[in-house]
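Asks: Requesting a structural model of the entry that follows:
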Amino acid sequence: MVFKYRTAGIVAVLAGASLTALLAQNGAPSVASGKREILLQTNQSWNGKPYTHYPTGQPQLTMIKLTIAPHTALPWHTHPFPNVVYVLSGTLTLHDKASGKTQVVHQGEAVGESVDAVHRGESGDEPTVLLITYAGTPGVPTSIPAKGEKAEY
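Replies: As a prediction, the model looks like this:
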């Protein structure tokens, strides 16, 4: 009698293990928290100017991937609302036209861009690939060329 119950218990354990393995093979996800790494949290742009406002109206988030050829400076431009740049590869040197300030941003780093201040980015010795996220509104461009300049993208 004891043998019969032990055998049934072993069969139940094996069946449970087989069911678990079957669920894992069928793509049933395990549930766990993700690992958070804050890349940037700021209330001012890289050149020290505080963010003072957001546009009014319906929010529209825009994310672009921008590739800049080696040894290339983008045209001078402004942004009408806050945005964040993350460098996927290469380096980005930011230039503030009015103050002459510069900042170099390397692969894996993020920076808050200038709002309503004329600036531009410049690549280094290799192509620079950026992810840029804008917090704007529909119908408002993400980048505005400075007077006499071409569009940034």
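
Asks: Can you report the mean pLDDT over the residues of stretch 120-132?
Replies: Confidence over stretch 120-132 (mean pLDDT, whole number) is 98.

Asks: Which positions within that stretch qualify as buried?
Replies: For stretch 120-132, the neighbour count (16 or more other Cβ atoms under 10 Å) marks 120-124, 128-130, 132 as buried. Every residue, glycine included, has its C-beta placed from N, CA and C.

Asks: Would you map out the domains in the chain?
Replies: The chain resolves into domains spanning 1-30, 60-145 when parsed by automatic domain parsing.

Asks: what about the helices in this protein?
Replies: Using DSSP state H, the helices assigned to the chain run over residues 2-25.

Asks: Could I get the contacting residues of the residue nearest to residue 113 when sequence neighbours are not counted?
Replies: Across the structure, with Cβ to Cβ, 6 or more residues apart in numbering as the measure, the residue nearest residue 113 apart from its sequence neighbours is residue 83 (4.9 Å). If you count contacts by Cβ atoms under 8 Å, 6 or more residues apart in numbering, residue 83 has them with 112-113, 132-135, 142.

Asks: quick one: which of those residues is nearest residue 76?
Replies: Ranking these by separation from residue 76, with Cβ to Cβ as the measure, puts residue 113 on top at 13.4 Å.

Asks: Point out where the chain drops to low pLDDT.
Replies: Within the chain, the set of residues satisfying pLDDT under 70 comprises 1-25.

Asks: Next, please give the residue ranges for the strands of it.
Replies: Under the criterion DSSP state E, the chain contains strands at 60-68, 77-78, 83-89, 91-96, 102-106, 110-112, 119-123, 128-136, 144-145.

Asks: The fourth one pairs with which strands, parallel or anti?
Replies: Same thing as strand 91-96. Its sheet considered, strand 91-96 pairs with strand 102-106 (antiparallel), strand 119-123 (antiparallel) by DSSP bridges.
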